[in-house]
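J.: compute the structure for the input listed below.
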Amino acid sequence: MKQLFSRGSLLAPATAIFVYVLETSLAVAQQSPPYYGPHPWWGSEWMFFGPLMMIICVAVVVVLAVLLVRWFCGSGQSIDRQSAGKTPLDILRERFARGEIEKEEFDERRRTLGA
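T.: Sure thing, here's the model as predicted:
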């Protein structure tokens, strides 16, 4: 045990610092704060700041959530991801192949596209 607290050991200063911090925190914890009477910010005329700050905090959280969803899900544009990079004629052919449009409408739109 004598070697633990010898002159070259780090345990002695660490123990001294621990005891000092412990004694100081216990002394501070026993003190009571001074009472200066009612503070002007505690009056009822300032009571609207609490609910106002809650509304602001909720609004900030909602705005951040919306921005995060828009950022993760895309830019907010409703572009079909599969049709990106296809020509209008390719999309028209796919619609005709799926049966969404009739032959007459297909021919008319193809002429309109100039193909």
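
J.: from here on, just use CA atoms for contacts and neighbour counts.
T.: Noted.

J.: tell me the mean pLDDT for the helix ranked longest in the chain?
T.: The residue-count maximum for a helix in the chain (DSSP state H) belongs to helix 49-73. Predicted confidence along helix 49-73 averages 90 (mean pLDDT).

J.: tell me which helix or strand comes right after it.
T.: helix 88-98 (DSSP states H and E).

J.: report the inter-axis angle for the helix or strand following that next one versus helix 88-98.
T.: Later in the chain than helix 88-98, the nearest helix or strand by DSSP H and E is helix 103-113. On the basis of axes from the mean of the first three to the mean of the last three C-alpha atoms, to 10 degrees, helix 103-113 is oriented at 180 degrees to helix 88-98.

J.: just for the chain, where's the confidence low?
T.: 1-13, 21-22, 25-48, 75-84, 115 (pLDDT under 70).

J.: what sits against Ile56?
T.: By C-alpha atoms under 8 Å, 6 or more residues apart in numbering, the contact list for Ile56 is empty.

J.: distance of it from Leu68?
T.: Remark: distance between Ile56 and Leu68 (C-alpha to C-alpha, to the nearest Å) = 18 Å.

J.: repeat that for Glu105.
T.: 42 Å.

J.: before we move on, what about Arg109?
T.: 40 Å.

J.: looking at the two, which is more packed in?
T.: Remark: of Arg109 and Leu68, Arg109 carries more neighbours, 15 against 12, as counted by other C-alpha atoms under 10 Å.
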